[in-house]
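J.: Generate coordinates for the sequence data below:
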Amino acid sequence: MSISSEARLCLALSQIQGFGLKQFHLLREQYGNPSSWRKLSFDALNQCISKPKVSSAVLDCLAQADHSLNHVSDWLKQDGCSVVCYFDSPYPEALRQIHLAPALLYLKGNIGLLNHQNIAVVGSRKPSLQYAGIAQEYAFHLAKSGMSIVSGLALGVDTKAHLGALAAQGNTIAVLATGIDRCYPAKNKDLYELIAQEGLLVSEMPLGSAPLRHNFPRRNRIVSGLSRAVFVVEAGIKSGSLITARYAIEQNRDVYAVPGSPKSLNSQGCNYLIREGARLVGSIEDLIIDLHKDLNVSGLTLKGVADSTHDEAQNVSDAAQLVLSAVGSDTISFDDLFERLEMSFEHLSEHLLELELAGLISSVSGGYQLGS
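T.: Numbering: from 1, shown residues only. As a prediction, this is how the structure comes out:
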């Protein structure tokens, strides 16, 4: 795929040890577009960089007429792969506004989603069954209403959010903490491939980058930076989702959270956010209406919420119908269903979510019952 001269230069500069985002943005703020950087003297460069050896390496790099793409050229030949830099027109305007915005984005998939109306859906890597269902159901309806779902491809709520959007035949963006050519966690390889085909994968990390601990907060600031709002489904007080929420507040994004029991460690983070001013989410209808009002997005609609119950009820699988027959008006626990139906844990969970999305059952305290 073609790549701009500015992106080529940014790629070359990213290879210089000691030249990071701080130096990049100092040069940008002082001198604008990289085309003007080529005219700078060593002294002018070093005023921004303050590292003579790095300044000398940058000066040599800027003096080159062309820059090799050896380290990314093979990857760029793959379908849907591209690299954009801060100065390219496809670069998302919302992300440009954040502190120390990425100089480069490695992309695979539908690049048009970068400037879509996006909402981040994040939460626990080990959510309870009820909140896993909420993540998938709400992401489904948000995608149906016209928004793209942004998350981090992690296990748990992130995975459910991506799956909900895909089930709605909507849009989803996965922001990676690794190089875009690596899938982490490995369990999500199939989902990674599906998003590359039907949504968009995004990373600022160089190709081949491992899932190092310090990369995840960097990933989280992009999740919030790409989004108009952040929706936290379930999170402990030390959850990475609270880091995403903190970035969202710094970036002047709205934060929404689902309240939980004060006795649940996994709900302490959401309850804390609500106490600190996050908007309490009581229903998907309220969330969509609030987003519609605040974001002034004419394309958002409740029609997907109203219609999907009927449509999905017509199309639940035979196995889900079997689960439905075991759920009555009285509450039945997951354990009782598991024992009665003799299904695997994974299959029973999938069919319960399918029925919840169809509006045929609802999660209540102690288990499930008929009706929404």
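J.: what's the first-to-last distance across stretch 199-214?
T.: Separation of the first and last residues of stretch 199-214 by C-alpha to C-alpha, to the nearest Å is 26 Å.
J.: Residues in contact with that stretch: which ones?
T.: 14, 71-72, 75, 102-111, 113-114, 148, 162, 165-166, 171-182, 184, 192, 195, 215, 218-219, 222, 226 (C-beta atoms under 8 Å, 6 or more residues apart in numbering). (Glycine included, C-beta is placed from N, CA and C.)
J.: next one: stretch 33-40
T.: 5-6, 9-10, 27, 31, 45, 59, 62-63, 87.
J.: what bits of the stretch 251-372 of the chain have low per-residue confidence?
T.: 294-316, 328-329, 342, 371-372 (pLDDT under 70).
J.: what's the distance between the residue nearest to the spatial centre of the chain and residue 363?
T.: Compute the mean C-alpha point of the chain, and by C-alpha atoms, centre = their mean the closest residue is residue 151, 2.0 Å away. Using C-beta to C-beta, to the nearest Å, residue 151 is found at 21 Å from residue 363.
J.: again, but for residue 212
T.: 36 Å.
J.: higher neighbour count, the two?
T.: More crowded of residue 212 and residue 363, by other C-beta atoms under 10 Å: residue 363, with 22 against 11.
J.: give me the number of residues near the nearest residue to that one once chain neighbours are set aside?
T.: Nearest residue to residue 363, sequence neighbours excluded (C-beta to C-beta, 6 or more residues apart in numbering): residue 130, at 4.5 Å. Residue 130: 18 surrounding residues under other C-beta under 10 Å.
J.: Between the two ends of stretch 154-173, how far is it?
T.: 12 Å.
J.: actually stretch 318-332, not the one I wrote
T.: For stretch 318-332, the first and last residues are 20 Å from each other (C-alpha to C-alpha).
J.: Next: stretch 43-58.
T.: Stretch 43-58 stretches 12 Å from its first residue to its last (C-alpha to C-alpha).
J.: And the contacts of it?
T.: By C-beta under 8 Å, 6+ apart, the list of residues contacting stretch 43-58 reads 13, 16-19, 23, 26-27, 30-31, 37, 42, 59.
J.: Distance from it to the middle of the chain?
T.: In terms of C-alpha atoms, centre = their mean, to the nearest Å, the centre of stretch 43-58 is found 35 Å from the chain centre.
J.: Could I get the buried residue list for that stretch?
T.: By neighbour count with 16 or more other C-beta atoms under 10 Å, stretch 43-58 contains the buried residues 44-46, 48-49, 54-55, 57-58.
J.: Which members of those define the maximum pairwise distance?
T.: Maximum pairwise distance in these, criterion C-beta to C-beta, is 15.3 Å, between 44 and 57.
J.: show me where the stretch 1-150 of the chain has helices.
T.: For the stretch 1-150 of the chain, the helices defined by DSSP state H, counting those that start in this stretch cover 5-14, 21-31, 34-37, 42-49, 52-63, 73-76, 93-96, 129-144.
J.: Nearest to residue 351, out of those?
T.: The nearest among those, by C-beta to C-beta, is helix 129-144 at 11.6 Å.
J.: Which secondary structure elements does the closest one sit against?
T.: Helix 129-144 sits against strand 118-122, strand 148-151, helix 157-167, helix 284-295, helix 303-313, helix 345-357, strand 361-364, with contacts defined as 3 or more C-beta pairs under 8 Å, 6 or more residues apart in numbering; DSSP states H and E.
J.: repeat that for 7 Å
T.: Helix 129-144 is packed against strand 118-122, strand 148-151, helix 157-167, helix 284-295, helix 303-313, helix 345-357, with contacts defined by 3 or more C-beta pairs under 7 Å, 6 or more residues apart in numbering; DSSP states H and E.
J.: can you list these in CSV and add distance to residue 250?
T.: Below are the helices and strands packed on helix 129-144 laid out as CSV (distance: least, C-beta to C-beta, whole Å):
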stretch, distance to residue 250
strand 118-122, 14
strand 148-151, 17
helix 157-167, 21
helix 284-295, 18
helix 303-313, 31
helix 345-357, 34
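J.: Determine which of these approaches residue 264 most closely.
T.: Per C-beta to C-beta, nearest to residue 264 of the helices and strands packed on helix 129-144: helix 157-167, 14.4 Å.
J.: Quick one: mean pLDDT over whichever helix or strand comes after that closest one.
T.: Downstream of helix 157-167, the first helix or strand assigned by DSSP states H and E is strand 172-175. Across strand 172-175, the average pLDDT comes to 98.
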